[in-house]
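*Asks:* Test case, fold it:
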Amino acid sequence: MEAAAVISTNVAGVNPVTVDHGITVFVEIEMESERAGQIEAAKRLFATVPEVQQCHHVTGNTDFILLVVVRTMADYATLTRRLFFGNNTVKRFRSSLSMTGLDQLEPEMTLWRHVLHASRCLHVRRGQFRDRAAGHGGHAARPDQSRETLVAAGDMVMALQTLVARRLDPTDAATVSVTDGTRNALPGMARILGDARSFVPEVSAMIESHLRRIARSTAAPAMGSEDFARFLDHVPGCFVFLGNGAASKPRHNPGYDFDDRGLIHGARFHAAMARHRLPPA
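*Replies:* Sure, this is the predicted structure:
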């Protein structure tokens with residue numbers, strides 16, 4: 001079988017406890033990049049470390065799974081500082097200590113069958129994309145003399161949202177997410193910085209007012225329509241949302257049921273508004 005290349009390697013299993021290396025750790029590693037150069041460099045590095053007994057390049061959210069055997073946890077901490085914390089190509093890693101010492105062959109076969117099964121059934125095909133808008137910068141006071149790129153990049157972000165909605169068959173499942181570069185994570189905050197310039201205070205005030213309006217309307221869009229808006233074309237007023245209770249279905253929901261107990265709160269509001277606006281007797 002060796003001559004036929006069916007058996008490629010003969011391995012002797014050593015009980016780590018008998019050689020004073022009784023701690024077994026499974027390490028999941030996520031790299032900063034999936035570029036081939038970084039992956040191959042990581043493989044070469046792990047191959048030089050005696051404590052790394054197995055190294056698997058895997059699919060899914062993890063790039064590598066290592067089986068590490070060490071004598072003490074202090075030794076493992078030293079190893080992590082050398083391999084991971086001091087390595088700027090490693091983004092994060094997670095350690096799982098083996099709690100039970102079992103037979104050396106079959107548990108490992110079971111483990112890797114489980115990893116392969118999970119990768120096929122629970123994970124999808126994932127690819128990263130990167131793009132760069134190239135123009136030439138200029139002074140913020142003369143945007144006409146530059147080829148500014150941020151507006152084009154913003155348009156691209158919006159266009160990418162139509163890929164799934166308008167380019168795929170409705171029965172196909174897919175997502176396209178623009179991130180801040182962190183894999184598998186949507187940012188919870190976005191910062192937009194810029195300049196606003198004018199010669200007169202009135203224009204500056206107008207720009208600030210519109211900036212605030214755009215920020216508020218973009219962050220919390222609402223496209224509801226209401227005939228009350230026609231009244232405001234003729235008489236100054238305001239539109240008030242009166243709650244219907246925490247357990248209420250939303251408006252326009254087939255299960256919506258107006259709670260008549262809310263009428264008293266509406267009546268009190270209008271009475272208080274009348275008392276506030278009308279001159280005292």
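*Asks:* measure stretch 194-202 end to end?
*Replies:* End-to-end distance of stretch 194-202 (Cα to Cα, to the nearest Å): 19 Å.
*Asks:* Hmm, I typed the wrong one, I wanted stretch 134-148.
*Replies:* 9 Å.
*Asks:* Then stretch 162-176?
*Replies:* OK, stretch 162-176 end separation, Cα to Cα: 9 Å.
*Asks:* Return the distance of that stretch from the chain's centre.
*Replies:* 19 Å (Cα atoms, centre = their mean, to the nearest Å).
*Asks:* And stretch 130-146, by the same measure?
*Replies:* The answer for stretch 130-146 is 28 Å, by Cα atoms, centre = their mean.
*Asks:* Quick one: mean pLDDT for that stretch?
*Replies:* The average pLDDT for stretch 130-146 rounds to 79.
*Asks:* now the end-to-end length of it.
*Replies:* End-to-end distance of stretch 130-146 (Cα to Cα): 24 Å.
*Asks:* cool, and stretch 74-92?
*Replies:* Per Cα to Cα, stretch 74-92 runs 20 Å from first to last residue.
*Asks:* which other residues reach that stretch?
*Replies:* 23, 25, 29-33, 38, 41-42, 45-46, 49, 51, 68, 70, 93, 95, 183 (Cβ atoms under 8 Å, 6 or more residues apart in numbering). C-beta coordinates here come from the backbone N, C-alpha and C atoms, glycine included.
*Asks:* what about 10 Å?
*Replies:* 21, 23, 25, 27-33, 35, 37-39, 41-42, 45-46, 49, 51-52, 62-64, 66, 68-70, 72, 93, 95, 97, 182-183 (Cβ atoms under 10 Å, 6 or more residues apart in numbering).
*Asks:* what's the answer for stretch 172-192, then?
*Replies:* Looking at what lies outside stretch 172-192 - Cβ under 10 Å, 6+ apart - the contacts are 30-34, 61, 63, 91-92, 124-126, 128-131, 150, 153-154, 156-158, 160-165, 167-168, 211, 215.
*Asks:* any idea how far L278 lies from A272?
*Replies:* 11 Å (Cβ to Cβ, to the nearest Å).
*Asks:* And R35, by the same measure?
*Replies:* Taking Cβ to Cβ as the measure, R35 falls 65 Å from A272.
*Asks:* for the stretch 51-200 of the chain, which spans come out with low pLDDT?
*Replies:* Residue ranges of the stretch 51-200 of the chain with pLDDT under 70: 99-128, 183.
*Asks:* so where do the helices sit in it?
*Replies:* Taking DSSP state H, counting those that start in this stretch, the helices of the stretch 51-200 of the chain run over residues 73-80, 106-122, 150-160, 162-167.
*Asks:* Contacts for the last one, please.
*Replies:* The set of residues external to helix 162-167 that reach it, using Cβ under 10 Å, 6+ apart, is A159, P170, D172, A173, A174, T175, V176.
*Asks:* what's around the fourth one, how many residues?
*Replies:* What that stands for is A173. A173 has 8 neighbouring residues, counting by other Cβ atoms under 10 Å.
*Asks:* Next, the buried residues of stretch 62-79.
*Replies:* T62, D63, F64, I65, L66, L67, V68, V69, V70, Y76, L79 (16 or more other Cβ atoms under 10 Å).
*Asks:* re earlier: could I get the contacts of helix 162-167 as TSV with distance to S198?
*Replies:* As requested, these are exported to TSV (distance: Cβ to Cβ, whole Å):
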residue	distance to S198
A159	31
P170	48
D172	49
A173	49
A174	45
T175	42
V176	38
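*Asks:* Can you tell me which of the residues you listed comes closest to L263?
*Replies:* P170 (43.9 Å; Cβ to Cβ).
*Asks:* Please report the distance of the residue lying farthest from the centre of the chain from F241.
*Replies:* Going by Cα atoms, centre = their mean, the residue of the chain most distant from its centre is A281, 60.8 Å out. Taking Cβ to Cβ as the measure, A281 falls 31 Å from F241.
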